[in-house]
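Visitor: A predicted structure for the sequence below; I have some questions about it.
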Amino acid sequence: MDPVRALRQVAFELERAGEPTYRVQAFRNAARRISRISPEEIADDAKRGRLQDIPGVGKTTAAVITEAVLDRPITYLEKLRERVEAPPPGGAELREKLRGDCHTHSDWSDGGSPIIEMAEAARDLGHEWVALTDHSPRLTVANGLSEQRLREQLAIVDELNAELAPFRILTGIEVDILDDGSLDQDEDLLAELDVVVASVHSKLKMPGPEMTERMLTAIHNPRVTVLGHCTGRKVAGRPRPESRFDAEAVFTACRDNNVAVEINSRPDRLDPPRRLLRMAVEIGCQFAIDSDAHAPGQLDWLPFGCERAAECDVPADRVINTKSAD
């Protein structure tokens, strides 16, 4: 295996396992470092045991590079794959039909990797497109994008699309639904974007009637494409209960306003719960099966959402990311 690819594959598997970004960066940084050095020089350093003289290459990354250069099995990668949970078998047919992902983050907000790395990973997974949906400004803990920073990002996406064509990065945002249901970004700017994922991130314990009105106001906004992780629950890590709201009213509004209900594939979210997902199917909603990825390896979490969608009889023709970018 090419040593740069070996390091990136280790990073990808660590991300898929949900490991913290800082643990992954050693491998991605080492890959960037050695990608600037000729393969012949890397091979010579590996054979002479001098890889750790390269800034950014440590003991573990040097071992990965050496095994790749010598065409040996990558021990670290094999051990990692043994302990990483395999993708669930259910929903495989639906997964094959997905052509993109409507909810991803880069290092412009709280993601761990540049836009180009997220896009290339999505392309390598077989996607035709990916929506870049970094956070909006009110979510300061996630380094949310001001209007100016979002406009700067749009210019970069234009450049990358020219470079990556025919693969396409859709412009977007995960915009906070504020307490009154308004959206945390300039309305005219939202109108320029391809995908707007609207999500509640604050006051998740708001009384049910107030939360319902808050969500309905956002759903009726014509800029919204997807209602993100609707209950806000967490089922792993630090568990968090579901927000209370009138699900029938919210899903009916989604159906009537052409807003897709997100099936969030993050293993710590798996939102909405099955009972609500089945309700949304019965009401006639459209869906977006999304990774909510904050790192390239997390883009491969889509099978978890597909499994739940298959269990709840979500029709493929009502999943918006089975469609082309256009």
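Guide: The structure has been received and is ready for your questions. Nothing here was measured: the structure is a model prediction, and the numbers come from that model.
Visitor: from now on I want contacts and neighbour counts done on CA atoms only, so please keep to that.
Guide: Fine.
Visitor: please parse this structure into its domains.
Guide: Using automatic domain parsing, the domain parsing of the chain gives 3-83, 92-322.
Visitor: now do the closest residue to Arg318 other than its chain neighbours, the pLDDT please.
Guide: Setting aside the residues directly before and after it, Arg318 is nearest to Gln286 in space (CA to CA, 6 or more residues apart in numbering), at 4.8 Å. Note on Gln286: pLDDT of 98.
Visitor: tell me, how many residues neighbour Gln286?
Guide: Burial of Gln286 is recorded as 23 neighbouring residues (other CA atoms under 10 Å).
Visitor: contacting residues for it?
Guide: If you count contacts by CA atoms under 8 Å, 6 or more residues apart in numbering, Gln286 has them with Cys254, Arg255, Asn258, Val259, Ala260, Val261, Arg318, Val319, Ile320.
Visitor: quick revisit: which one of the domains of the chain has the lowest average pLDDT?
Guide: If those are sorted by mean pLDDT, domain 3-83 sits at the bottom with a mean of 93.
Visitor: where's the residue nearest to Val69 when sequence neighbours are not counted relative to Ala31, distance?
Guide: Leaving out its chain neighbours, the residue that sits closest to Val69 by CA to CA, 6+ apart is Ala43, at 5.9 Å. For Ala43, the distance to Ala31 (CA to CA, to the nearest Å) stands at 14 Å.
Visitor: the two: who's more crowded?
Guide: Counted by other CA under 10 Å, Ala43 and Ala31 do not tie: Ala31 has more neighbours, with 23 against 18.
Visitor: just the element for Phe27, please.
Guide: Counting by DSSP states H and E, the element that carries Phe27 is helix 21-35.
Visitor: so which elements touch the longest strand along the chain?
Guide: Using DSSP state E to define each element, the chain has its longest strand at strand 168-176. Applying 3 or more CA pairs under 8 Å, 6 or more residues apart in numbering; DSSP states H and E, one finds that strand 168-176 contacts strand 129-132, helix 147-164, strand 195-199.
Visitor: and the next element down the chain from it?
Guide: Using DSSP H and E, the helix or strand that follows strand 168-176 towards the C-terminus is helix 187-191.
Visitor: so for stretch 312-321, what gets flagged as buried?
Guide: Neighbour counts over stretch 312-321 (16 or more other CA atoms under 10 Å) mark Cys312, Val314, Ala316, Arg318, Val319, Ile320, Asn321 as buried.
Visitor: fine, thanks again, bye for now.
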